[in-house]
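Asks: Make a model of this:
(chains A and B)
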Amino acid sequence: MIPYKFIICVIISLSSLFFASCLPSDEAISPYPRGEGRQVVLSMGATYASVLYYSLLDDTVVARVPIDAWHCAVSTGELPVIRMNSALVGSVQPTTAALGSALAVPRTGWTFDAPDGSATAFGEWWKQPERWWIVHLGVTAHGRDLGHRVVRLERRPDSLVVHIRPLDGSKTMRCSVPTTGRSAWNGINLITAMAVESEPPRSTWDLAAQRYTHLFVDGPNTTPYAVTGILLADGVAAQRIPVADSITRRTADTMTLRSQRDIIGYDWKSYSIETGVFTTFQDRRWIVRTAAGLLFSVQPVDFYDEHGVKGTITMKVSPL
Amino acid sequence: MTSRLFTALAATGALSMWAPVCMAQNSVPNTKMSATDSTAQERRARTIVVSASAMPKAISDVPLQVKVLDRNDIDDRSAASLPDLLRTEAGIQLATDNVLGTALSMNGVGGENIKVLIDGVPMVGRLDGNLDLTQIALDNVERVEIINGPMSAQYGTNALGGTINLVTRRSSTTTASATLRAESAGTVNTLATVATDVGPVNVRMVGGRMLFAGWRDPAENRSRSFSWRPREQYTADADAAIAVGSSHVRLSTRLYTDLILDRGEPRQPYGEQAFDTRFRTTRWLHTLVARTPLTDSGTFLSTTASIATFERRRTAVVKDLVTLAERPTGDPSSIDTNTAVALTLRSVATTHPFEGISADVGLDLLHESVGGSRLRIANPTMTDLAAFAVADVTIAPWLLLQPAARWAWNSSYGAPFTPSLAIRIGNESLVAKASVSRGFRAPSLRELHLDFVDVNHDIQGYSDLAAEQSISSRASLTWFPDAFTNGIMRIEPAVFSNAITNMITLVQTDGTQFSYRNVGTFTSYGVLLEGGLAFPSVELTVQVSHILRSSMVDASLPLLGASELAAMASWTPDGTALRMAASWKFTGAVPVLVATNDGAISEQHIDGFHMMDVTLSYPVLSWLRTSASVRNLFDVRTINAVNTDVAHSGNGSQRIAFGRSVMLTMEITP
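Replies: Next up is the predicted model:
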C-alpha cells in the first residue's frame, strides 16, 4: 500500500516544478523611432519571381518583369553583345556536334555571364558567325528546369537574327530582334522565338531588385548560385561607404564611383543555414550616381515585408 | 524562473543530501545496488541480453559483441537522455544539430546505418537520415543494450553499423516513484511512475515532462535567441501485462511530444519583429507482445505487433515584439509537416530441434509510409516481408557457432540475402568472439520519392535505388585474469572492419539537378580496447579506440584516423551508502579532407576536446535518493571545425555542449 503522505508529497513536488518552469517568454518593447530619409520597398515575392526596375529620381517602380519572360538579350549599342538572363541562372556553351540528330546535354563546359557585367558567356560571338550554341534556359522561380535550345546568331545591320532549334533538332525557328531602340537591351524568348521587352528604356530606371547568378570561386572551381539583390542600370555608378560616415554632395562628388553592375549586389545580407533567416547588415550603404548625374545615398535595411515574407528589399534612400 | 527554481531545489537538495552523511551513515538503508553486493564486472558477466536473440541470454553466452549500460551506469552519469549516457563512451560519436537533434555514429558508421529499438520495436521518424536521440528519455529505461556490428540477419535494414535497444523498466509489484531533476543550465525534469495489479493485470503508467529553458553562450552576443534551443517534452507510457494460461501478453502505448522553440533575434533595423519557429514532434508507439509456449520441451513463440507513428510540424511565425502578437508568415514554406507510419509484425519461434542446438526462426513484416510536402507522390509506401533463422550450435561447452540468415522481399527494391556467422570460444575466464556478417540498409522512402525543388535546389529521389550492402568482420576477446583476490580485472580488446558498397549518395545528374544513386563506397577499421578493475568499493573502466575511415568524397584517398580515450570510475566508501562516479572522454582531433584554392586536397582537423561528468549520489531516506552532478566539467562549448561551404554563411565552429552545469536529482520511492 502506498502511504498517503508520500502521495501528497509527490503531487506537491511535481506540481510545483511543473507550474514553476516554463519556456522563455518575451517582454514588450517600445517602438523604435524612425530616422530621416524615405523608405523604399521593392517586393519581388517570396520566390523572387519578378524583377523590379526602380527610379531613384522619381521614387517609382518603373516596371515589373517576370523573370521567365525572356532568356537572353541583345545590347542596343555598337556591338550586339548577348547577355543571358541571369535571374534564370542561364548558361551557354558552343557545340560542334552534328545538328542532324538529337544532341545530348553536356555535363560540363557551361559558361555564365560575369555578375559584374564585365564578361558574357557568348563573348565575341560575331567572330564565329557559323557557330551553334547550346543554351541552358535556366530554372524558373519555382526551380523547374526550362530545358535547352540550340541557337545560331546572325548579325544584321539593325537587328540580330536568332536561329533556334530544340535539342532533338525537330524544327528550326527564327527570331529577329532589333539592335537599336530606347532600351539598353532587347530581350529574346527562346521558347516562343519572339522579341520581348526585357527592361524599361535606359535612363528611366537606376536600380533593379532581382534574383541573379553569382559565381562563387573556390580554387579552380566556379559554382554558379542564384542570389538576390540589387543590380545597377547601364550608366549608373556607385561606391560603398560606412553608414557612420557623414556625406554631402560636395564630398560625394570627389569620390570615385564604379559602374560595376553588382557593386551593391547580394551580400548586404547574410543567410543563416541554422535559423533559415536572412539578416541585413545595418552598417552598409552606397552612394549612387544616376546616369543623369544625380547623387543618392542608398542603404538596404531589410529583406522581409511586415508579414515576414522574404524577397522584399527595403531601402533607406536620401538624395544628396 | 528556472534559475530561481534551481536555486531553491539546489538548497533543498544539498541539505538533504549531506546532512544524513554526517549524522548517521550506517542507519540509512541503501536503495541502490551496493558495490559490495555486486561489482560492475560481475553485473556485466551475468547481465541478460534480450536484443541478440528471441530468448534472453547471458551476455557471456552471446557470440556477438554486446555492451550493456544498466541502470547503475545511467545513474552514475546522471543521464536524462540517450546522448547524456553515450557521450563518454569511446567509439561512439555524437553530432548535435539544434533543429534536427542529436545523431550518433558507432564503429565509424552512422546515420541510417544504426538501428534504434525500444523494447525491440524500431523507432521511426528519421530526419536527414538520423533519429533525434535527445527524444529518448532514460528515466523509464532499465538498460541500454549496444550490439556492435551488423544485425541485419535478425533485424533487417538499418542494423548495418550497430543496434541499440532500450529496455524499459518493468515492475511486478505495486510501486510508485517520482523523479525530479533540475540543472543549472535550465533543465527541469519531472517523472512519476505508478505500477499495481488490477485483478490479473499488472498495470504500469509513467508520465513525465522534460523542460529545457534554453541556453545561450555569453560569448555569442545573443539577446533573444538561444544557442541551445528551449524544448519541452512530454512522455506518457501505459503498460498492461497479463498471464493467460501459460502465455504472457503485454500491451503498451507510448506517447511522446516534443516542442522545440527556435526564437530569432530582433530583426534589424528597428528590432520590433522577430521570426520564431516551432518544431513540434509527436510520436505514438502501440505494441502488443505475446509469448506462448508451444511445447513442453521449451519451444516458444514470441510475437510482437506494433504501430509507430511520427509527425513533425514546423511552423514559422512573425512575432511583434511591441505588441507580442504572433502571426503566420506569408511565406508558403513556413509551415511544413513530415509524417511516418510503420506497422511491424515479428513472430519468432524458439526451438531446440536437437541436443546442443537451439534456433530462432521468424517472420518479419514491415509496412511503412511517409508523408510530407517534398515528395513526388503523396504518402508513398513500402512493404518488407522477411524470413530469418538464427541457430546456436553448441559443439562443445567452450565452442558455440551461430549461423544466421535472412531472406526478404521488398515492394520497392531488391532486398538482398543476408547471412552471418558468429563464433564464441572459451570458458568463464577467457572468451573469444568473432563474426562475419553481411548487412544492408534499405533506401528510405524519401530517397526513393523525394521532390525538393526551389530557387537553388533541384533534388530528386530515384525509384531504382538498391540497398546499401556491407561486409563486416569483428573479433573480440574478453579475459578475466586471476590477478586479484578481492577484485576482478577485465581486459577486452576488439578489432573490426566495415566495407560498405552501393552507398546511397547524392550526385549531380544534370546541369542543376541532383539525385540519389548507388555510387559510394565506404570502409572503416577500428581497434577498441576496454579494461576494467572492480573491487568491492571501487570500479574503474578505461576505453581506448582508434578508428580509421575512408573519405566520403573519394574512397581512394588515404584513410583518416581518429582516437578516443575514455574512463569511468566509481567509488563507494566503506560503511557508507555514498557513491561517487566520474566519466571522462577525450575525443581526439578528427581529420577532414578539404579542397584547397589550388585544387589540391589537404588534410585539416576538427579540434579534439574533453568531456567529463562527476556525480555524487546518496540515499537520504529510505524513500529518497538524491544525487548531485557537475556536468561538462571542462566547460566545452564549441570547437573549431572545418567549413568549406562557399554559398552559405558559417562560422567554422562546431557546437559540442552547453557550458558547465550542476544537476540535482531526487528519486522518491516509498
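Asks: ok, what's across the strand from the closest residue to B:Ser653 other than its chain neighbours?
Replies: In space, B:Ser653 comes closest to B:Thr638 once its chain neighbours are excluded; the distance is 4.4 Å by C-beta to C-beta, 6 or more residues apart in numbering or on different chains. (Each C-beta comes from the backbone N, C-alpha and C, glycine too.) Judged by DSSP bridges, the bridge partners of B:Thr638 are B:Arg655.
Asks: ok, B:Thr638 to A:Phe278 distance?
Replies: Computed as C-beta to C-beta, to the nearest Å, the B:Thr638 to A:Phe278 distance reads 23 Å.
Asks: ok, back up a step: does the residue nearest to B:Ser653 really touch B:Phe658, like I thought?
Replies: No. The criterion here is C-beta atoms under 8 Å, and B:Thr638 misses it with B:Phe658 at 10.3 Å.
Asks: Looking at those two, which is more packed in?
Replies: Ranked by neighbour count (other C-beta atoms under 10 Å in any protein chain shown), B:Thr638 and B:Phe658 place B:Phe658 first, with 24 against 18.
Asks: would the more buried one count as being in a strand?
Replies: No. Read with DSSP: H, G, I helix; E, B strand; the rest coil, B:Phe658 is coil and lies in no strand.
Asks: so where's the chain shaky on pLDDT?
Replies: Chain wasn't specified; assuming chain A. Counting by pLDDT under 70, chain A has low-confidence residues at A:1-4, A:6-7, A:10, A:14, A:17-19, A:34-36, A:98-102, A:219, A:274.
Asks: if you could check chain B rather than the one you did, that'd help
Replies: Residues of chain B that meet the cut-off, pLDDT under 70, sit at B:1-55, B:99, B:455-456, B:511-512, B:552-555, B:595-599, B:642-651.
Asks: At the contact with chain B, which residues of the stretch 151-300 of chain A appear?
Replies: A:211, A:216, A:218-221, A:223, A:225-226, A:270-277, A:279-280, A:282 (C-beta under 8 Å from any C-beta of the partner chain).
Asks: Strands of the stretch 201-320 of chain A, residue ranges please.
Replies: Under the criterion DSSP state E, counting those that start in this stretch, strands of the stretch 201-320 of chain A are mapped to A:207-218, A:221-232, A:237-242, A:269-272, A:277-280, A:284-289, A:295-304, A:310-319.
Asks: So which bits of the stretch 51-200 of chain B are right by chain A?
Replies: Residues of the stretch 51-200 of chain B lying near chain A by C-beta under 8 Å from any C-beta: B:98-99, B:174, B:176, B:178, B:180, B:182, B:188, B:190, B:192.
Asks: Among the residues you listed, which one lies nearest to A:Arg144?
Replies: Of all those, A:Arg144 sits closest to B:Val99, with 27.5 Å by C-beta to C-beta.
Asks: Now do the same contact list for B:Leu565.
Replies: Contact partners of B:Leu565, counting by C-beta atoms under 8 Å, 6 or more residues apart in numbering or on different chains, are B:90, B:542-545, B:585-586, B:588.
Asks: Which members of those residues define the maximum pairwise distance?
Replies: B:Val542 and B:Gly588 (15.3 Å).
Asks: so when I look at B:Thr501, I'm seeing a strand, right?
Replies: Yes. B:Thr501 forms part of a strand when assessed by three-state DSSP.
Asks: Does it touch B:Arg441 like I think?
Replies: No. Look at B:Thr501 against B:Arg441 with C-beta under 8 Å: they stay out of range, at 11.1 Å.
Asks: Now do the shared contacts for those two.
Replies: B:468, B:470.
Asks: Please enumerate the helices of the chain.
Replies: As the question left the chain open, I've gone with chain A. Under the criterion DSSP state H, helices of chain A are mapped to A:4-20, A:249-253.
Asks: try again with chain B
Replies: Assigned by DSSP H, chain B shows helices spanning B:2-23, B:40-45, B:71-76, B:82-86, B:152-155, B:445-449.
Asks: Which positions within the third one qualify as buried?
Replies: Applying a neighbour-count criterion of 16 or more other C-beta atoms under 10 Å in any protein chain shown, the buried positions in helix B:71-76 are B:72-76.
Asks: what distance separates it from the middle of the whole chain?
Replies: 15 Å (C-alpha atoms, centre = their mean, to the nearest Å).
Asks: before we move on, what about stretch B:231-251?
Replies: Distance, stretch centre to chain centre, for stretch B:231-251: 21 Å (C-alpha atoms, centre = their mean).
Asks: Residues touching that stretch, excluding its own?
Replies: Under C-beta under 8 Å, 6+ apart, the answer for stretch B:231-251 is A:23, B:134-135, B:137, B:140, B:168, B:191, B:200-212, B:252-261, B:287-293.
Asks: Buried ones among these?
Replies: Taking 16+ other C-beta under 10 Å as the criterion, what is buried in those is A:23, B:134-135, B:137, B:140, B:168, B:191, B:202-212, B:252, B:254, B:256-261, B:287, B:289-292.
Asks: Just give the closest residue to A:Cys292, not the sequence neighbours.
Replies: Cys isn't right for residue A:292; it's Ala. Counting by C-beta to C-beta, 6+ apart, A:Ala292 lies nearest to A:Ser203, which is 6.7 Å off, once chain neighbours are set aside.
Asks: That neighbour and A:Ala291 touch, don't they?
Replies: Yes. If you go by C-beta under 8 Å, A:Ser203 and A:Ala291 touch, sitting 5.0 Å apart.
Asks: Show me whatever sits in contact with both of these two.
Replies: Common contacts of A:Ser203 and A:Ala291, defined by C-beta under 8 Å, 6+ apart, comprise A:Gly235.
Asks: Angles on the backbone of the residue nearest to A:Leu294 when sequence neighbours are not counted, please.
Replies: Among residues not flanking A:Leu294 along the chain, A:Leu57 sits closest, at 5.9 Å (C-beta to C-beta, 6+ apart). When read as degrees, to the nearest 10, the backbone of A:Leu57 gives phi -70, psi -50.
Asks: I'd like to know how far A:Leu57 sits from B:Gly125.
Replies: A:Leu57 is 57 Å from B:Gly125, by C-beta to C-beta.
Asks: Between these two, which is the more surrounded one?
Replies: Using other C-beta under 10 Å, the more surrounded residue of A:Leu57 and B:Gly125 is B:Gly125, with 22 against 14.
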